[in-house]
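Peer 1: model this:
(one chain, ligands or ions: 1)
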Amino acid sequence: MPVEMIGIKTLYDICFSFPENYDDFMLELIEKSTKLLGASRIALISGEGEQRRCLVSRGFSGEREIYECINQTGSGKEKNCCFLYPFSNGTPGLLYLEKITPFTELDNLLCGMFSRRVEDIIDRKLKEKQLCRITDNMLDMISEIDEEGIYRYASPSFKNVLGYEPDDLRGQPFMDYVHSKDYARVEAALKKAVKNRTIKRLEYRYRNTAGDYLWLESTGNALLDKSGHFVGAVLGTRNITERKQAEDKLKQSIEKLKGVVEGVIQAMSLTVEIRDPYTAGHQKRVAMLASAMAREMNIPEDKLEGIRLAAAIHDIGKIYVPAEFLSKPGEMSALELNMIQMHPQVGYEILKEIDFPWPIADIILQHHERMDRSGYPFGLGGDEILLEAKILAVADVVEAMASHRPYRPALGVGKALDEIKKNSGKLYDPRAVEACLKVFYEQGFSFD
Ligand SMILES: [Fe+2]
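Peer 2: Numbering: from 1, shown residues only. Okay, the predicted model is just below:
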């Protein structure tokens, strides 16, 4: 069997097999084993007394030196030597002696102990080799930092991604490379990791060798000692700069699109108000009040945006009503009233095909519905009416009553608030009424 094919674990068996060309075979095996074990020198001692054989790798001058070396190991003078040595029962033992190996005399007991230790070391070495192969070839970066945030290990991919030699990073503080704007956030996340033992998707900017900052994303686990104390962390890190740039572009596009939507809404709002100067500014003021009420009700920001935009064009259906009806002072005929009451439905028809991210058309359709089904166009009640429409209804009534109308003078905010308070739960949603009262009385809201 070629030496390359023999695992170091079978070394013991080979020692017993005594092939015909034993010496040559073992010498070759010994040479190869030095590399596998990471030992600087290796020696095989087998047999007892006159039978004793000693085979050594390059680096040993002879048997005497081997014994000197073994005896010196305890004093820390020698390091990383490997010996095959016969135990008292005739079994060869494998010794792996490191600088730190604490023994002063070689006896059978120690041989047994070190023999077991060598098994661990072989196992560890093989695992290390496997791990190195993985980390050396990974695109993502692997690192280990100690409890002070100092690099203990950085994988070779740091060179490819950031330009740093892993050895140069070792001993450097991780935080020294983090962008000042992300410093506090990263520091807080690391502190949290001590408590939670894990780091979840931490995004931050990190300086490369050219002095530019790249966006990185790290996840990892805290390292604890046997008594549970934090002794560092292992981080898996990837370059997300391209993803961040794409996200930024998308954000800019969305902002631009939002601006366009806002512009279109404004244009639509003006279309109605140009025809109906008495209600000019009504929709804008209703939008202001409805937004303030929604905020008071802790409605999420994205939903709130839908309420604001719906309020800004809630009377768009009045475009269908002849202008003279809208500005007519005094009582209205049944026909005129009927036409005016069609405006929610007309507004819905105008907007229903637009794919807003909010139910704008439905909010507008329902803004004259009332809790007790006395509203129009469908006579919906209670939970059948969208919350957004209930908020808009209250804001609409309060603004309309507070302002001048062709058929009556302004009644004032006080009267308007009395009206919604009186009909809370009957016509108007009590949560919307409560929010409206708070907005005026506690927050000092004003239409001006
Ligand atoms: Fe209306």
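Peer 1: Do a quick rundown of the strands in this structure.
Peer 2: Along the chain, counting by DSSP state E, strands occupy 41-46, 53-56, 81-86, 92-97, 141-146, 151-154, 198-207, 213-224, 230-239.
Peer 1: Direction included, what does the fifth one pair up with?
Peer 2: Right, the one you point to is strand 141-146. The pairing partners recorded for strand 141-146 under DSSP bridges are strand 151-154 (antiparallel), strand 230-239 (antiparallel).
Peer 1: Work out the gap between that strand and the centre of the chain.
Peer 2: Offset of strand 141-146 from its chain centre (CA atoms, centre = their mean, to the nearest Å): 18 Å.
Peer 1: from here on, count from 57
Peer 2: Sounds good: first residue 57 from here, last item strand 197-202.
Peer 1: ok and that strand relative to strand 269-280, angle-wise?
Peer 2: Put simply, strand 197-202 runs at 50 degrees to strand 269-280, going by axes from the mean of the first three to the mean of the last three CA atoms, to 10 degrees.
Peer 1: Okay, now the unreliable bits of the stretch 257-406 of the chain?
Peer 2: 335 (pLDDT under 70).
Peer 1: mind putting the strands paired with strand 197-202 in JSON lines, mean neighbour count and distance to residue 451 included?
Peer 2: Bear in mind the C-beta positions are built from the backbone N, C-alpha and C, glycine included. Output for those, formatted as JSON lines (neighbours: other CB atoms under 10 Å; distance: least, CB to CB, whole Å):
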{"stretch": "strand 207-210", "mean neighbour count": "20", "distance to residue 451": "58"}
{"stretch": "strand 286-295", "mean neighbour count": "19", "distance to residue 451": "48"}
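Peer 1: Look up how far residue 310 lies from the nearest residue to residue 355 once chain neighbours are set aside.
Peer 2: Distance criterion CB to CB, 6 or more residues apart in numbering; nearest residue to residue 355, sequence neighbours excluded, is residue 363 at 7.2 Å. The gap separating residue 363 from residue 310 is 19 Å, by CB to CB, to the nearest Å.
Peer 1: These two - which one has more neighbours?
Peer 2: residue 363 (27 against 10; other CB atoms under 10 Å).
Peer 1: residues contacting the closest residue to residue 467 other than its chain neighbours?
Peer 2: Leaving aside its sequence neighbours, residue 467 sits nearest to residue 457 (CB to CB, 6+ apart; 4.8 Å). Residue 457 sits next to 466, 467, 468, 471, 472, 475 when contact means CB atoms under 8 Å, 6 or more residues apart in numbering.
Peer 1: ok, residue 457 to residue 472 distance?
Peer 2: Separation of residue 457 from residue 472 (CB to CB) stands at 4 Å.
Peer 1: Equivalent analysis for residue 282, please.
Peer 2: Relative to residue 472, residue 282 is positioned 71 Å away (CB to CB).
Peer 1: In terms of neighbours, single out the busier of these two.
Peer 2: Neighbours were counted for residue 282 and for residue 472 using other CB under 10 Å; residue 472 has more, 21 against 6.
Peer 1: re the thing from before, could I get the strands paired with strand 197-202 as CSV with distance to residue 443?
Peer 2: As requested, the strands paired with strand 197-202 are exported to CSV (distance: least, CB to CB, whole Å):
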stretch, distance to residue 443
strand 207-210, 53
strand 286-295, 42
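Peer 1: tell me the mean pLDDT for stretch 442-460?
Peer 2: Averaging pLDDT along stretch 442-460 gives 93.
Peer 1: So which bits of that stretch are buried?
Peer 2: 442-459 (16 or more other CB atoms under 10 Å).
Peer 1: Those in helices, which ones?
Peer 2: 443-458 (DSSP state H).
Peer 1: what's near enough to touch residue 208?
Peer 2: 200, 201, 202, 226, 288.
Peer 1: Widest-spaced pair of those?
Peer 2: 226 and 288 (13.0 Å; CB to CB).
Peer 1: Leaving out sequence neighbours, find the closest residue to residue 204.
Peer 2: residue 229 (7.4 Å).
Peer 1: Go ahead and name everything in contact with stretch 473-493.
Peer 2: Here stretch 473-493 has contacts from 345, 349-350, 352-353, 426-428, 430-431, 441, 443, 446-447, 449-451, 453-454, 457, 496, using CB under 8 Å, 6+ apart.
Peer 1: err, stretch 281-297, not the other one
Peer 2: Residues contacting stretch 281-297 (CB under 8 Å, 6+ apart): 195-203, 208, 217, 246, 249-250, 255, 259, 270-280.
Peer 1: give the contact list for residue 423.
Peer 2: 366, 370, 400, 445, 448, 449, 452.
Peer 1: cutoff 6 Å now
Peer 2: 370, 445, 448, 449 (CB atoms under 6 Å, 6 or more residues apart in numbering).
Peer 1: per the record, what domains does this protein have?
Peer 2: 59-190, 195-295, 301-497 (automatic domain parsing).
Peer 1: right, and those domains - which one's nearest residue 503?
Peer 2: domain 301-497 (4.7 Å).
Peer 1: What is the end-to-end distance of the closest one?
Peer 2: End-to-end distance of domain 301-497: 46 Å, with CA to CA, to the nearest Å as the criterion.
Peer 1: And for stretch 229-238?
Peer 2: Taking CA to CA as the criterion, the two ends of stretch 229-238 lie 15 Å apart.
Peer 1: what comes up buried for that stretch?
Peer 2: 230, 231, 233, 234, 238.
Peer 1: Excluding chain neighbours, give the residue nearest to the second one in space.
Peer 2: When you say that, I think you mean residue 231. Per CB to CB, 6+ apart, closest to residue 231 is residue 205, 5.5 Å.
Peer 1: Pull the number of nearby residues for the one you found.
Peer 2: Neighbours around residue 205, by other CB under 10 Å: 17.
Peer 1: Give me the nearest residue to residue 214, chain neighbours excluded.
Peer 2: residue 220 (4.8 Å).
Peer 1: Could I get the contacting residues of the closest residue to residue 452 other than its chain neighbours?
Peer 2: Leaving aside its sequence neighbours, residue 452 sits nearest to residue 342 (CB to CB, 6+ apart; 5.3 Å). By CB under 6 Å, 6+ apart, the residues touching residue 342 are 367, 451, 452, 455.
Peer 1: In the protein, where's the longest helix?
Peer 2: The longest helix of the chain (DSSP H) is helix 297-331.
Peer 1: Just give me how far that helix sits from the chain centre.
Peer 2: Centre-to-centre, helix 297-331 and its host chain are 27 Å apart (CA atoms, centre = their mean).
Peer 1: what angle do that helix and strand 254-263 make?
Peer 2: 90 degrees.
Peer 1: Would you mark the buried spots in helix 297-331?
Peer 2: For helix 297-331, using 16+ other CB under 10 Å, the buried residues are 297, 300, 321, 324, 325, 328, 329, 331.
Peer 1: Hmm, the third one is touching residue 366, no?
Peer 2: No. Because the distance of 9.2 Å does not satisfy CB atoms under 6 Å, residue 321 is recorded as not touching residue 366.
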